[in-house]
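In: Here is a sequence together with a model predicted from it:
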Amino acid sequence: MPTDTTPPGRVLLEGQRCRVRIWNRADRSVTTVHESTERLYEAPNWTSDGRLVLNADGVLWTMPADGASAPERVAIEGVPPLNNDHVLDPDGVTVHVSAEDFHIWSAPLAGGPATRVTPDDGAMHFLHGVSPDGTELAYVRLDPDGDDVWSSGTIHVLAVDGTADRAVTTAPGPADGPEWTPDGAWILFNTAQFEEAPGHAQIARVRPDGTELEQLTVDEHVNWFPHPTPTGDAAVFLSFPPGTQGHPADERVRLRQVTGPGTVSDWGPAVWQAAETIVELDGGQGTLNVNGWAPDGSAFAFVDYPIGAPAR
């Protein structure tokens, strides 16, 4: 009987390339540090020792951020195939990941046995953030009770040992992409709960205790995945074309940067609504799902997926 050897996860389309790229704040240049026509990499994190962490084929990979060598597989043990929701713990040695069993797991970034964090509570769990002190994880909770599972998304927080789960948002949006500001004062996320058009996500913030919910962007684009710098002096997010539903792959999208006085925790709607487009690219899903800023905030990593031969 034939065996299906297709790896889990997304794969490249015919004629498509995957490029791991770095945007540099100083001169706004974009550098390609890795390119593949064989494997679809997604969602780079940037480690404190200068490596990128990506996912592809249902597993994690690491590579030098300067592209000095190709990605190498991280040998995490005992975990189902992974999706592209992975975040680095502040301890520098642990990575938290989401898997295709809809659970969150923690594992050594160097490789080794994984430990499941989330309980069997009937929900689907999608990781997106870790608190600055490393004690809590922020995730998107979907409750599969009804025809439209994805519309049930709310933001939850739980301890890294899987206890003390609490809802931070309660109104179905859906909501996605929760991530703490570096000082721990806010959780940034995207949600469609403020908009009448289905799926019209905008950036918002809320206190970790669920108070002071506030919409930050108000525009025609569909805005996802806000990521502040570790230094708190900038943020980047992903904008899809008007009318986009969810965060699909293979769209013409924009990366938009926010800067302002003070730090990201000080910025209200007026600052976020002045976001500037810094890169336009072919991508979407996989481009910027997790925080890819360098530890010093000087650059960030992203992935694009052009179709066609490279320009000569």
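Out: Everything's here; your move.
In: From now on I want contacts and neighbour counts done on CA atoms only, so please keep to that.
Out: Will do.
In: Number of residues surrounding the closest residue to Gly210 other than its chain neighbours?
Out: With CA to CA, 6 or more residues apart in numbering as the criterion, Gly210 has its nearest non-adjacent residue at 4.3 Å, and that residue is Val168. Neighbourhood size, Val168 [other CA atoms under 10 Å]: 21.
In: what's the burial count for Ala197?
Out: 11.
In: Would you agree it falls within a strand?
Out: No. Ala197 sits outside any strand when classified using DSSP: H, G, I helix; E, B strand; the rest coil, being coil.
In: What's the per-residue pLDDT of it here?
Out: We note a pLDDT of 81 for Ala197 in this prediction.
In: Same check on the one 10 residues further on?
Out: On pLDDT, Arg207 comes in at 98.
In: For the closest residue to it other than its chain neighbours, give me its contacts.
Out: Excluding the flanking residues, the one nearest Arg207 by CA to CA, 6+ apart is Trp186, at 4.7 Å. By CA atoms under 8 Å, 6 or more residues apart in numbering, Trp186 lies in contact with Trp180, Arg205, Val206, Arg207, Pro208, Ser265.
In: now with 10 Å?
Out: Each residue near Trp186 by CA atoms under 10 Å, 6 or more residues apart in numbering is listed here: 178-180, 204-213, 264-265.
In: what do you get for Leu188?
Out: Taking CA under 10 Å, 6+ apart, we find Leu188 in contact with 129, 176-181, 203-208, 213-216, 225-228, 264-265.
In: What's the PyMOL line that selects buried ones from the residues you listed?
Out: Entered in PyMOL, the line below selects the buried ones among the contacts of Leu188, by 16 or more other CA atoms under 10 Å:
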select buried, resi 129+176+177+178+179+180+181+203+204+205+206+207+208+213+215+216+225+226+227+228+264+265
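In: Please determine how far the residue nearest to Gly210 is located from Ala75.
Out: 34 Å (CA to CA, to the nearest Å).
In: First residue to last residue on stretch 87-102, what's the distance there?
Out: For stretch 87-102, the separation between the terminal residues is 16 Å (CA to CA).
In: got a list of what Leu281 touches?
Out: Per CA under 10 Å, 6+ apart, neighbours of Leu281: Asp250, Glu251, Arg252, Val253, Arg254, Leu255, Thr287, Val303, Asp304, Tyr305, Pro306.
In: let's see it at 6 Å
Out: Leu281 sits next to Arg252, Val253 when contact means CA atoms under 6 Å, 6 or more residues apart in numbering.
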